[in-house]
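Chemist: Return atomic coordinates for the entry below.
(chains A and B)
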Number of protein chains: 2
Amino acid sequence: MGLTDAFSTGMRVAVLYSGGKDSNYALYWALEKGLDVRFLVTMVSENEESYMYHVPNVHLTELQARALGIPLVKGFTEGRKEEEVEDLKRVLEGLKVEGIVAGALASRYQRERIERVAEELGLKTFAPAWGRDPVEYMRELVRLGFDIVFVGVSAYGLDEGWLGRRVNEEAIRELEKLRDKYGIHVAGEGGEFETFVRDMPYFRARVVFDEVERIWDGCTGSGKLVVKAAHLEPKGGTR
Amino acid sequence: MGLTDAFSTGMRVAVLYSGGKDSNYALYWALEKGLDVRFLVTMVSENEESYMYHVPNVHLTELQARALGIPLVKGFTEGRKEEEVEDLKRVLEGLKVEGIVAGALASRYQRERIERVAEELGLKTFAPAWGRDPVEYMRELVRLGFDIVFVGVSAYGLDEGWLGRRVNEEAIRELEKLRDKYGIHVAGEGGEFETFVRDMPYFRARVVFDEVERIWDGCTGSGKLVVKAAHLEPKGGTR
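Modeler: Residues are numbered from 1 along each chain as shown, chains lettered A, B, ... in the order given. Below is the predicted model of the structure:
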């Protein structure tokens, strides 16, 4: 995907935003490069789970958008792979932007589809986290002051204790051990875990969790941290 | 404001959307006229109340947007009157639309400001509920099958019992009596009450309230229905 150059400074872009570490890094990168981030775009799947109002994690992106002061566009999709990209295309097609910025993408397949949509719409694409060394990338996030928590785990070796844990140097070292032992991808690119960013340098307020619940499925060895209540807390004078 | 004509069929528009009866009627009207509704736009005020995640009514517009299958754009504003219109302008400026559709507006002042923003952006404006006879308008909403509930009241004569009540023929008759007695505007244009639409013909699913709380302030004689949990229920084969 494209790299920024003198021509992209001030370029109007939308950031594909799920609230996790990768989309927040993509956003951070775009703002650092001087791109004009006009919208965060989130696609909400109409699967059974997210259909319910009381499964609230999906609403947390709104708190993040408010912390950032950037308008949030929520598109809705039936959640079937084929349609999802078409639904995303229809949303992007309505935005006056010249480019889209994406976090690390789950797969080459997904990446190619997003690139195709962008090409059809005449949009530049940027995926700053793509192809980064996982350990170095995770360390950079910590160093930049990202407050990242594990909100979903789904891999042998990652137990319930990881839910709600912060990504810090120690956690990264443990992930490296689990990589050596079980083949886990340290940045979770194989779907091993999902994260949520409570704070990063461009947030004007930090997200505080007031009530969480751990849901663990012993059969599949996977779990989720459901955030039932949260609020924003102003950060004061930084940035 | 403009009326639709042959040229506006298929026009790409954004509907200013708060979730109440007026913005839903505006949306209904736009869809009936064959406008191409690309986005619902909601401005969220950063006042203390809405800053909290657990004051959830503001999240209900998302359920409505999902029921409609129309992307929702949430813009954020400090909530001061002057800035709010500028923040709205910045959001609208990023959308590829040719017009905006608004519900009944709270005041001539607000209407003029929105018209000015639209003019500056070269957008057509439509306000189908503007200038309608209140009683006839309310009756039409009921006849069209809108499921409207009172979620806020703030006027002498409207007590706690109105919170959560449906707008039906009987309620309209009572509002007429209160109009004759206390001067209440039957469609609530003076801020006498706020409504939420759980269903209307273009919803593919209806909003069901699972848990509500009535909050009443005896000093000001005003109250709110806080919806703490809600979900969507598919409607089946209609439309």
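
Chemist: residue boundaries of the strands in chain A?
Modeler: Counting by DSSP state E, chain A has strands at residues A:12-16, A:36-45, A:72-77, A:99-101, A:124-126, A:147-154, A:193-199, A:205-217, A:222-234.

Chemist: Show me which residues of chain A are close to chain B?
Modeler: A:12, A:38-39, A:44, A:46, A:51-54, A:59-60, A:62-63, A:65-66, A:69-76, A:90-91, A:93-97, A:210, A:229-232 (C-beta under 8 Å from any C-beta of the partner chain). From N, CA and C alone the C-beta is placed, and that goes for glycine too.

Chemist: and A:Asp36, how many residues sit next to it?
Modeler: Counted with other C-beta atoms under 10 Å in any protein chain shown, the neighbours of A:Asp36 add up to 16.

Chemist: Bridging across strands, which residues link to it?
Modeler: Taking DSSP bridges as the rule, A:Asp36 bridges to A:Arg12.

Chemist: A:Gly223 too?
Modeler: Residues in beta-bridge contact with A:Gly223 (DSSP bridges): A:Val153, A:Trp216.

Chemist: what about it, how many residues close to it?
Modeler: By other C-beta under 10 Å, the residues close to A:Gly223 number 23.

Chemist: OK, contacts around A:Ala187?
Modeler: A:21-22, A:104, A:132, A:134, A:137-138 (C-beta atoms under 8 Å, 6 or more residues apart in numbering or on different chains).

Chemist: Repeat the analysis, applying 10 Å as the threshold.
Modeler: A:21-22, A:104, A:129, A:132-138, A:141, A:167, A:172, A:175, A:193, A:195 (C-beta atoms under 10 Å, 6 or more residues apart in numbering or on different chains).

Chemist: Could you measure from the closest residue to it other than its chain neighbours over to chain B?
Modeler: The shortest distance from A:Ala187 to any non-neighbouring residue, by C-beta to C-beta, 6 or more residues apart in numbering or on different chains, is to A:Pro134 (3.9 Å). Noted for A:Pro134: a distance of 32 Å to chain B, by C-beta to the nearest C-beta, to the nearest Å.

Chemist: quick one: pLDDT of the residue nearest to A:Thr9 when sequence neighbours are not counted?
Modeler: Distance criterion C-beta to C-beta, 6+ apart; nearest residue to A:Thr9, sequence neighbours excluded, is A:Gly34 at 4.3 Å. Looking at A:Gly34, its pLDDT reads 96.

Chemist: And for A:Gly103?
Modeler: Looking at A:Gly103, its pLDDT stands at 86.

Chemist: what's the burial count for it?
Modeler: 22.

Chemist: which residues touch the residue nearest to it when sequence neighbours are not counted?
Modeler: Using C-beta to C-beta, 6+ apart and skipping residues adjacent in sequence, the residue nearest A:Gly103 is A:Asp22, 2.8 Å away. Counting by C-beta under 10 Å, 6+ apart, A:Asp22 touches A:16, A:102-106, A:127-130, A:132, A:137, A:141, A:187-189, A:195, A:197.

Chemist: now swap in A:Tyr156 and tell me
Modeler: Counting by C-beta under 10 Å, 6+ apart, A:Tyr156 touches A:178, A:181-184, A:192, A:221.

Chemist: next one: A:Ala102
Modeler: A:1, A:14-17, A:22-23, A:26, A:41, A:110-111, A:114-115, A:118, A:125-130.

Chemist: how about stretch A:162-180: buried residues?
Modeler: Within stretch A:162-180, the residues that count as buried by 16 or more other C-beta atoms under 10 Å in any protein chain shown are A:162-165, A:167, A:171-172, A:174-175, A:178-179.

Chemist: show me what contacts the nearest residue to A:Leu72 once chain neighbours are set aside?
Modeler: In this structure, A:Leu72 finds its nearest non-sequential neighbour in A:Ala65, 3.8 Å apart by C-beta to C-beta, 6+ apart. By C-beta under 10 Å, 6+ apart, the contact list for A:Ala65 reads A:17, A:19, A:39-40, A:42, A:71-74, B:44, B:74-76.

Chemist: out of the residues you listed, what pair is the most spread apart?
Modeler: Within the contacts of A:Ala65, A:Gly19 and B:Gly75 form the most distant pair, 18.0 Å apart (C-beta to C-beta).

Chemist: per-domain residue ranges of chain A.
Modeler: A:12-126, A:144-234 (automatic domain parsing).

Chemist: among those domains, which is nearest B:Val153?
Modeler: domain A:12-126 (23.6 Å).

Chemist: Might you list the low-confidence residue ranges for chain A?
Modeler: Residues of chain A that meet the criterion pLDDT under 70 lie in A:1-7, A:47-58, A:79-81, A:104-107, A:237-239.

Chemist: can you give me the helices for it?
Modeler: Taking DSSP state H, the helices of chain A run over residues A:21-32, A:48-51, A:60-68, A:81-93, A:108-120, A:134-143, A:169-182.

Chemist: Nearest approach to B:Tyr202 belongs to which of these?
Modeler: Closest among the helices of chain A, using C-beta to C-beta: helix A:81-93, at 17.3 Å.

Chemist: Return the members of the contacts of A:Ala187 classed as buried.
Modeler: Buried residues within the contacts of A:Ala187, counting neighbours by 16+ other C-beta under 10 Å: A:21-22, A:104, A:129, A:132, A:134, A:137-138, A:141, A:167, A:172, A:175, A:193, A:195.

Chemist: Just send the residues you listed back as CSV, with distance to A:Leu158 too.
Modeler: CSV is the format used below for the buried ones among the contacts of A:Ala187 (distance: C-beta to C-beta, whole Å):
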residue, distance to A:Leu158
A:Lys21, 16
A:Asp22, 18
A:Ala104, 18
A:Ala129, 21
A:Arg132, 21
A:Pro134, 15
A:Tyr137, 18
A:Met138, 15
A:Leu141, 18
A:Val167, 13
A:Ile172, 13
A:Leu175, 9
A:Phe193, 6
A:Thr195, 12
